[in-house]
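J.: Using only what follows, build the 3D model:
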Amino acid sequence: MPKRYAATKVLTNSSEYYEPLRKPRGLKKLVQYATPKLYHPTASERRSLQTTQHIYKYGDRLYTLAYKFYGKAEYWWIIAWFNGYPTEVDIPNGASLSIPINLEAALNVLRV
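T.: Down below sits the predicted model:
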């Protein structure tokens, strides 16, 4: 289990709703992670982080920005969450993204 999900509740689901997913796989139940409650940092918590600006342009991807700034593409969600964009499709070209420079500090503020 990835570290990010270590504190997440694990659910087993045998609902008939999921039968079309279970049946072809020969499963009697599915194991799923509960949806986490996201914490939204206060304005002062956000200001406490040192950030750099990036103007989002055609061809940019959050995972490439995460790799560039953090060395790991899997932290794309920090940039999305910090800027309030749930997915890349929601980011308009020309949008100014604030990217927290210190990954550990950002994780602390986001309380992950």
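J.: Tell me which helix or strand the residue nearest to the spatial centre of the chain sits in.
T.: Most central in the chain under CA atoms, centre = their mean is Trp77, positioned 2.9 Å from the mean C-alpha point. Assigned by DSSP states H and E, Trp77 belongs to helix 76-83.
J.: buried stuff in that helix?
T.: By 16 or more other CB atoms under 10 Å, the buried positions in helix 76-83 come out as Trp76, Ile78, Ile79, Ala80, Trp81, Phe82, Asn83. (Glycine included, C-beta is placed from N, CA and C.)
J.: now swap in stretch 19-26 and tell me
T.: Arg22.
J.: Quick one: end-to-end length of it, please.
T.: In stretch 19-26, first residue to last residue: 10 Å (CA to CA, to the nearest Å).
J.: For the remainder of this discussion, apply numbering that starts at 53.
T.: Okay, using 53 as the starting number, the last item reads as stretch 71-78.
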